[in-house]
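S.K.: test case, fold it:
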Amino acid sequence: MEFDQGWILLGLPMAFALGWLASRFDLRQLKLDNQRTPKAYFKGLNHLLNEQQDQAIDAFIEAVQNDPDTSELHFALGNLFRRRGEYERAVRVHQHLLARADLSRSDRDRAQHALALDYLKAGLLDRAEAALRPLEGTAFASMSHLALLGIYERTRDWPQAALMADKLAQAGEGSFKARQAHYLCEQSEAYHSAEEWPTAQALLQQALSLVPHNVRASLALAQGLHRQGQANPALDLLLDLAQAQPQAMPLIATQLAQWAPALGQVARVRDVLQKAYDHTPSLDVLKALAELMAIDATASVPALYLRHLEREPSLVVASQWMQGQFNTPAGLQKALDRAVKPLLRYRCAACGFEASQHFWQCPGCQAWDSYPPKRVEEL
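M.R.: Below you'll find the predicted structure:
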């Protein structure tokens with residue numbers, strides 16, 4: 001049977017026409033898809049740039065509905081929910097991502113980290129910790145360690161915080177010795193009773209081995225020694241600290257002035273305080289000097305205040321000078337004391353939180369060593 005070559009001539013144009021129609025259909029579908037998703041996506045970006053988060057969320061939801069397999073849209077939507085404080089919706093978005101079997105390893109780690117941030121922002125610290133643990137050994141390990149460090153500090157789990165600080169230091173994230181010294185000091189505060197003082201002392205000495213002449217550890221150790229009847233070693237420790245850390249003198253001046261008379265060390269301590277004051281005229285050092293000068297009948301405390309006013313204008317010192325120099329009416333003195341009180345506070349250099357006492361960790365922003373040893377009036 002012979003094959004008719006006419007069918008070939010007839011079939012070629014038909015095959016070409018069918019192929020052309022199929023390609024046109026695919027191109028049209030592709031163009032429709034490309035026009036639909038990017039339009040909603042870029043619309044959402046435009047709303048974000050204009051700080052219109054509600055409209056951006058609506059646009060991204062539309063984009064996700066059009067292309068539910070696009071992980072980037074889910075990340076953008078989840079981050080927006082978190083920024084708006086809608087943590088439950090952010091958690092659902094990131095949990096949906098983690099439930100997908102086709103998600104790449106890098107995107108899965110990214111979603112796990114985002115989920116942990118959702119829990120962290122919502123204040124669900126136990127769930128945040130559980131979500132951060134699987135990130136060990138991933139590209140998000142350092143960020144997860146920092147987040148875990150913050151969790152352990154907030155929950156006052158100081159041993160775990162110290163372990164996490166070690167991991168961060170080993171990863172090259174900087175030195176955490178100062179923080180670890182604070183952790184040891186925090187732990188020592190639980191053992192300051194007479195029966196448990198040896199444990200507290202060991203923790204404080206461990207902190208000093210990490211950071212020699214650490215102000216907080218040295219001050220706490222000196223106070224503990226003084227309570228245990230070792231007044232002379234306690235005073236010597238503070239005097240050594242004053243020489244090694246002169247900027248910390250305002251924090252230890254009051255203690256020095258209180259201990260010196262009973263130990264017969266008034267002249268020695270007064271000389272140290274005077275040198276510190278001459279270098280930096282601090283209100284706390286001035287007050288400690290005035291306390292020691294009041295013991296000496298030949299010294300004039302009002303003259304000391306007056307010299308300070310000539311050097312540094314101060315409402316605090318002016319109030320004290322008037323109180324000692326004149327018979328100030330009770331109403332006037334009360335008004336002065338009220339005006340002076342806010343000037344005697346300490347202020348966090350990181351967030352501006354003010355407090356009547358000096359904190360090693362800011363109660364507002366949780367930053368360490370953010371309170372300079374100066375009163376508000378001196379800043």
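S.K.: so who does Leu97 touch?
M.R.: Ser71, His74, Phe75, Gly78, Leu103, Asp107, Arg108, Ala111 (CB atoms under 8 Å, 6 or more residues apart in numbering). Quick note: C-beta positions are derived from backbone N, CA and C, even for glycine.
S.K.: what of Pro212?
M.R.: Pro212 touches Ala244, counting by CB under 8 Å, 6+ apart.
S.K.: which SSE is it in?
M.R.: Assigned by DSSP states H and E, Pro212 belongs to no helix or strand.
S.K.: low-confidence stretches in the stretch 1-150 of the chain?
M.R.: 1-70 (pLDDT under 70).
S.K.: tell me the helices in it, going along the chain?
M.R.: 6-49, 53-66, 71-83, 87-99, 105-121, 125-132, 141-154 (DSSP state H, counting those that start in this stretch).
S.K.: circling back to that earlier point, nearest to Leu124, out of the contacts of Leu97: which one, please.
M.R.: For these, the closest approach to Leu124 (CB to CB) belongs to Gly78, at 15.8 Å.
S.K.: where's that closest one relative to Arg92, distance?
M.R.: Look at Gly78 and Arg92: by CB to CB, to the nearest Å, they are 9 Å apart.
S.K.: try Ala303
M.R.: Ala303 is 72 Å from Arg92, by CB to CB.
S.K.: now rank the contacts of Leu97 by neighbours and give me the top one.
M.R.: Neighbour counts for the contacts of Leu97, by other CB atoms under 10 Å, peak at Gly78, which reaches 26 neighbours.
S.K.: quick check: that residue touching Gln95?
M.R.: No - counting by CB atoms under 8 Å, Gln95 is not a contact partner of Gly78; they are 9.6 Å apart.
S.K.: out of the contacts of Leu97, the closest to Pro363 would be?
M.R.: For those, the nearest to Pro363 is Gly78 (31.1 Å; CB to CB).
S.K.: what sits closest to that closest one if chain neighbours are left out?
M.R.: Leaving out its chain neighbours, the residue that sits closest to Gly78 by CB to CB, 6 or more residues apart in numbering is Val93, at 3.8 Å.
S.K.: could you do Trp259 as well?
M.R.: Leu235 is the one closest to Trp259 (CB to CB, 6+ apart), at 5.2 Å.
S.K.: before we move on, what about Arg270?
M.R.: Arg270's closest residue in space is Leu292 (CB to CB, 6+ apart), at 4.7 Å.
S.K.: next, count neighbours for that neighbour.
M.R.: Leu292 has 24 nearby residues by other CB under 10 Å.
S.K.: which SSE is it in?
M.R.: helix 283-293.
S.K.: now for that helix, which elements pack on it?
M.R.: helix 249-263, helix 266-279, helix 301-311, helix 315-325 (3 or more CB pairs under 8 Å, 6 or more residues apart in numbering; DSSP states H and E).
S.K.: number of nearby residues for the nearest residue to Met164 once chain neighbours are set aside?
M.R.: Leaving aside its chain neighbours, Met164 sits nearest to Leu149 (4.5 Å; criterion: CB to CB, 6+ apart). Residues lying near Leu149 (other CB under 10 Å) number 21.
S.K.: surely Leu149 is in contact with Leu168?
M.R.: Yes - using CB under 8 Å, Leu149 is in contact with Leu168, at 6.8 Å.
S.K.: ok, back up a step: list the contacts for the residue nearest to Arg270?
M.R.: Contacts of Leu292 by CB under 8 Å, 6+ apart are Ala257, Ala260, Pro261, Val266, Val269, Arg270, Leu273.
S.K.: how far away is the second one from Glu186?
M.R.: Plainly put, Ala260 is 29 Å away from Glu186 if you go by CB to CB.
S.K.: wait, Val269 sits on Gln258?
M.R.: No - assessed by CB under 8 Å, Val269 is found out of contact with Gln258, at 10.0 Å.
S.K.: the domain parsing of this structure - what is it?
M.R.: 69-100+108-170, 345-379 (automatic domain parsing).
S.K.: what is the end-to-end distance of the last one?
M.R.: For domain 345-379, the separation between the terminal residues is 11 Å (CA to CA, to the nearest Å).
S.K.: just to revisit the earlier point, as a markdown table, the contacts of Leu97 with distance to Pro372 would be great.
M.R.: Listed next are these as a markdown table, based on distance: CB to CB, whole Å:
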| residue | distance to Pro372 |
| --- | --- |
| Ser71 | 46 |
| His74 | 45 |
| Phe75 | 41 |
| Gly78 | 40 |
| Leu103 | 48 |
| Asp107 | 45 |
| Arg108 | 45 |
| Ala111 | 42 |
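S.K.: identify the spatial nearest neighbour of Ala257, chain neighbours not counted.
M.R.: Ala288 (3.8 Å).
S.K.: I meant Leu184, not that one.
M.R.: Leu184 sits nearest to Ala207 (CB to CB, 6+ apart), 4.0 Å away.
S.K.: what is the nearest of the contacts of Leu97 to Ser319?
M.R.: Using CB to CB, Gly78 comes nearest to Ser319 of the contacts of Leu97, at 55.9 Å.
S.K.: now do the closest one against Leu332, distance only.
M.R.: From Gly78 to Leu332 the distance is 61 Å (CB to CB).
S.K.: what sits up against whatever helix or strand the residue nearest to Leu184 lives in?
M.R.: Using DSSP H and E, Ala207 falls within helix 197-210. Applying CB under 8 Å, 6+ apart, the contact partners of helix 197-210 are 177, 180-182, 184-185, 187-192, 214, 216-218, 220-221, 224, 227-228.
S.K.: show the buried residues in those.
M.R.: The neighbour count (16 or more other CB atoms under 10 Å) marks 180-182, 184-185, 187-188, 191, 214, 216-218, 220-221, 224 as buried among the contacts of helix 197-210.
S.K.: and the furthest pair within those residues?
M.R.: It's Gln180 and Gly224 that sit farthest apart of these, by CB to CB, at 19.6 Å.
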